[in-house]
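**Student:** Compute the structure for the input listed below.
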Amino acid sequence: MQGYSQLRIGALDDVNATVSLHPGATLLSLIAGTLGGRPHGVPRHWQRAVTAVIGDDAVILRPLFDPHFSVIPDCLTATSTIGEADMGTYLAALAELDDFILIRELEAEFGPALPRHWQPVADRPGTWIRAYARLMNRLWEEFRVVWKNADALLRQEQERIGLAAVTRSLHTLLPGLSERLAYDGGSIRLPDQQGRSFDLAGRRLTFVPVISGQGACLFSFDQPGPAWIGYPLPAVGLLWSSPSRQAVRNDTDKLGLALGHTRAAILRLAGASIPIGQLAALLNCSPSTASYHCDQLQSADLLSRQRHGRQVHIKITPRGAELLTLLT
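**Tutor:** Now for the predicted structure:
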């Protein structure tokens, strides 16, 4: 279908699903949303940090984000190390990438007549690869602390996806994974200028939570490599805010351990009446996802809902406030 790439997955219960906590996809999303003109929703202060790190080397990245092409060779992405979820392995693989492998992937994708934006890379592949590897190393050094601060959220997401896979309930998870992902019961569709179709064909499907913005969307479906989808980490908006709010996202957060970090965040934000739309923006999730979590908290008498004109507001109940005090 034009404007989308499609992955035909067949019966969802037969899909071998896994999660990879791989920072490589996050770095690509940060670059795509800052310099590549892609709608990844990277917050402005992170965009400024990316721009400061890259500086005049932004010219190196231009081939990756031409407005008419969405293709990035697998050897330059996290695809080759996606199952290892190890940034050191990924960066080492970039530094040691053979010129021939990059040229071979470019020709396999575009044919012998390369697009104009890739031609300078093909002319001096070794020089370009070394510059790209150095740039990605610098960006990782800048955002390593953000990744570390997200550890509790990442582990929670790993458990959520893993539980859905084991209990064969991925069908309930996929529709809320990303606002840019569509699931029709037999295939997954994601935005792509080239609009190609792929078959999972028994391969493992790996989900990769991304720490950038709520529009984060990356994937690789090409055979014979692994099929993976990068999507926004739920509640990533909490990582955009002040250090005081970040302090509650760790393994000593008793409220988060009891309710899950997303619902714990909702209770903390609902001390004053707040519209669900604004709540969703703070959590960096869709309104339907925020509403689902609010439904569960309301069922437990921890939240109440009130309509104010066209908006629905939530507010913590006395019982919710008591729980918040007890576990904080």
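**Student:** any idea how the protein splits into domains?
**Tutor:** Structural domains assigned to the chain are 4-232, 252-327, following automatic domain parsing.
**Student:** Give me the mean pLDDT for the shortest one.
**Tutor:** Right, the one you point to is domain 252-327. When pLDDT is averaged over domain 252-327, the result is 84.
**Student:** If we go by neighbour counts, what in the helix or strand encompassing Leu94 is buried?
**Tutor:** Leu94 is located in helix 87-95, with elements delineated by DSSP states H and E. Within helix 87-95, the residues that qualify as buried by neighbour count (16 or more other Cβ atoms under 10 Å) are Met87, Tyr90, Leu91, Ala93, Leu94. Where you see a C-beta, it was placed from the backbone N, CA and C, and this is true even at glycine.
**Student:** quick one: whichever helix or strand comes after it to chain centroid distance?
**Tutor:** Using DSSP H and E, the helix or strand that follows helix 87-95 in sequence is helix 99-110. Centroid displacement of helix 99-110 relative to its chain, using Cα atoms, centre = their mean, to the nearest Å, is 27 Å.
**Student:** do stretch 130-142 as well
**Tutor:** What separates the centre of stretch 130-142 from the centre of its chain is 20 Å, taken as Cα atoms, centre = their mean.
**Student:** Same check on stretch 85-92?
**Tutor:** Centroid separation between stretch 85-92 and its chain, computed with Cα atoms, centre = their mean, is 18 Å.
**Student:** burial of the residue lying closest to Glu179 once chain neighbours are set aside, as a residue count?
**Tutor:** In space, not counting the residues next to it along the chain, Glu179 is nearest to Ser286; the distance is 5.3 Å by Cβ to Cβ, 6 or more residues apart in numbering. Other residues lying near Ser286 total 18 when counted by other Cβ atoms under 10 Å.
**Student:** again with Thr167
**Tutor:** By other Cβ under 10 Å, the residues close to Thr167 number 9.
**Student:** And for Ser80?
**Tutor:** The number of residues packed near Ser80 is 20, by other Cβ under 10 Å.
**Student:** Closest one of the buried residues of helix 87-95 to Gly320?
**Tutor:** Within the set of the buried residues of helix 87-95, Met87 lies nearest Gly320; the separation is 38.6 Å, counting by Cβ to Cβ.
**Student:** Quick check: nearest residue in space to that closest one, chain neighbours excluded?
**Tutor:** Closest residue to Met87 apart from its sequence neighbours, by Cβ to Cβ, 6+ apart: Pro23 at 4.8 Å.
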